[in-house]
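Novice: Structure for this input, please:
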Amino acid sequence: MFGVWTNALEDLHSQYVNAEPYEHVVIPEFLSEEFAELVFKELPDPDETWHVYDTPFEQKYLTSNQAKFPLHVKKLFEKINSNDFVEIIGKICGIDGMFSDPTMHAGGIHAYPRNGKIDIHLDYTIHPKTGKERRVSFMLYMNKNWKREYGGHLQLWKPDLSGYKEINSDLWNTAVIFKTSEQTYHGLPDKITCPIGMNRKVIGVYYLTEPRPETLANPRYNAEMFPKP
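Specialist: Model (predicted):
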């Protein structure tokens, strides 16, 4: 199912902990090409069952209804939420005791249409349903033939919002793993310009631990949005 990156966990850990502006790592060829093609062909388009985000801060569709996912998409979600996979992510991030989110809160298949975006934001640090601490975000880009000029590039911002690192969204079958904390600002604040009927699709899941005292001292139960400087 996965590419050869599973043989380079020490190197990925080094990239993660030394990354700027904060801990993250980009993994190309995340899935084997054969399995990536199967998932890509099955990824559904938004319909009336998807949740619609339509605010001044965010325009996108989201579904986390795994019961309706096609075969290979369901297999992928089962794997990236499994204990053995979370252990691999823990080795990359240097975090023990992580587990997946059984509620899939804010996770699933994200689809950004033309004019879609999400402003710079900080994610919740304490899960609003389980009370656990969110530590790591996992995003898998599945946008084959996505042109760079369409936009939708993930931006990882410095803590003082003085600048950012851009992750190209035209990367096919590429995972981005990044830290969740009180200073991990990120988003795609520039509206996507892809053709009408096309969507920027991303598979997203989040990994949790028992809450740490320092996080409980200043918890955030919902995402907090910020205008682009």
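
Novice: and Tyr22, what are its phi and psi?
Specialist: With angles defined as degrees, to the nearest 10, Tyr22 shows backbone torsions of phi -160, psi 180.

Novice: err, Val86, not the other one
Specialist: When quoted as degrees, to the nearest 10, the phi and psi of Val86 stand at phi -60, psi -30.

Novice: Do I have it right that it meets Gly97?
Specialist: No: applying Cβ atoms under 8 Å as the test, Val86 and Gly97 come out as separate, 9.8 Å apart. (C-beta placed from N, C-alpha, C; glycine too.)

Novice: Please say which of the two ends up with more neighbours.
Specialist: For Val86 versus Gly97, neighbours defined as other Cβ atoms under 10 Å are more numerous around Val86 (20 against 10).

Novice: Might you report the residue contacts of that one?
Specialist: Contact partners of Val86, counting by Cβ atoms under 8 Å, 6 or more residues apart in numbering, are Met98, Phe99, Ser100, Tyr207.

Novice: ranking those by neighbours, who comes first?
Specialist: Scoring these on neighbours with other Cβ under 10 Å, the highest-scoring entry is Tyr207 at 25 neighbours.

Novice: Check which helix or strand that one maps to.
Specialist: strand 200-209 (DSSP states H and E).

Novice: Paired strands for that strand, with orientation please.
Specialist: strand 99-100 (antiparallel), strand 108-112 (antiparallel), strand 133-142 (antiparallel) (DSSP bridges).

Novice: right, and those - which one's nearest Tyr22?
Specialist: With Cβ to Cβ, the closest approach to Tyr22 among these belongs to strand 133-142: 11.6 Å.
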